[in-house]
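K.L.:
Provide a 3D model corresponding to the input given below.
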Amino acid sequence: MGSEGPSTVTVHITGFKKFHGVAENPTEIIVSNLKEYVEKKGLPKGLVLGSCTVLETAGQGALTKLHQVLESAVAGRDAGASNTGQIIWLHFGVNSGATRFAIESQAVNEATFRCPDELGWKPQRVPIIPADGGISRTRETSLPVNEINEALVKRGFDVLPSDDAGRFVCNYVYYHSLWFAELHKIRSLFVHVPLFLTIDEDTQMEFAAVLLEELAAAVGPAAPPS
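P.N.:
Numbers count the residues shown, from 1 in each chain. Below is the predicted model of the structure:
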């Protein structure tokens, strides 16, 4: 999977468990099986698949686990390890009404859950990170969403850029991740996928693997986050 060094791009991934109305979350299956899938397929030199974590579909109650997951990616670097390369957090979530993949360009500092999360929390118009501003505050990914989207379309996938990740747990996780990414000079991206009934599992696994390649190509070997 490529040697560790200054040109290495390590992508850490999260997905979600089931939640209200979605008994089987495709992102849980994608994230659980991706390591084995890419080991068989192979990754370009310098691209490393890091941790693959399935999160509880919950906001505030799952925050400690989320921060532990995020911090694990930079722990070695912040402790003084040299030449750890670039780090990207890639988060997958499902949009059960979608017919295509969506690359999310931003998150909003607002939690307004349409139903309780899996730990029973149902906030309404609450700032996700109060110290970061009001509910109209947005954070954008430093990754080139349009370029990544175009590359994926050329690879044959039905995908579009999006500037609205909703206000449920997906947006909640993405906002925390973008805030964390800016703090630690890494990158973060959220991608919504449809149900397997809409786009089958094999296609979604292939999409995830190709997305890893396009992310590594997008950041290049040495460009720091903007």
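
K.L.:
CA only for contacts and neighbour counts going forward, please
P.N.:
Will do.

K.L.:
Return the residues in contact with F157.
P.N.:
F157 sits next to 101, 207 when contact means C-alpha atoms under 8 Å, 6 or more residues apart in numbering.

K.L.:
Show me which residues of the lowest-mean-pLDDT helix or strand in the chain are buried.
P.N.:
When the helices and strands of the chain are scored by mean pLDDT, DSSP states H and E, helix 63-78 comes last with a mean of 85. For helix 63-78, burial by neighbour count (16 or more other C-alpha atoms under 10 Å) applies to 63, 66, 69-70, 73-74.

K.L.:
what do you get for stretch 123-135?
P.N.:
Those buried within stretch 123-135 under the rule 16+ other C-alpha under 10 Å are 123, 127-129, 134-135.

K.L.:
what about the strands in this protein?
P.N.:
Assigned by DSSP state E, the chain shows strands spanning 9-16, 47-55, 86-94, 101-104, 106-108, 138-140, 159-162, 187-193.

K.L.:
Helices along this protein, start to end?
P.N.:
For the chain, the helices defined by DSSP state H occupy 26-41, 63-78, 145-154, 169-184, 201-219.

K.L.:
With respect to burial, which of those helices scores highest?
P.N.:
Of those, the one with the most neighbours on average (mean count of other C-alpha atoms under 10 Å) is helix 169-184, at a mean of 22.

K.L.:
Give me the below-cutoff pLDDT ranges for this protein.
P.N.:
Within the chain, the ranges that satisfy pLDDT under 70 run 1-6, 76-84, 221-226.

K.L.:
center of the chain - which residue?
P.N.:
Central residue of the chain (C-alpha atoms, centre = their mean): H91, 1.6 Å from the mean position.
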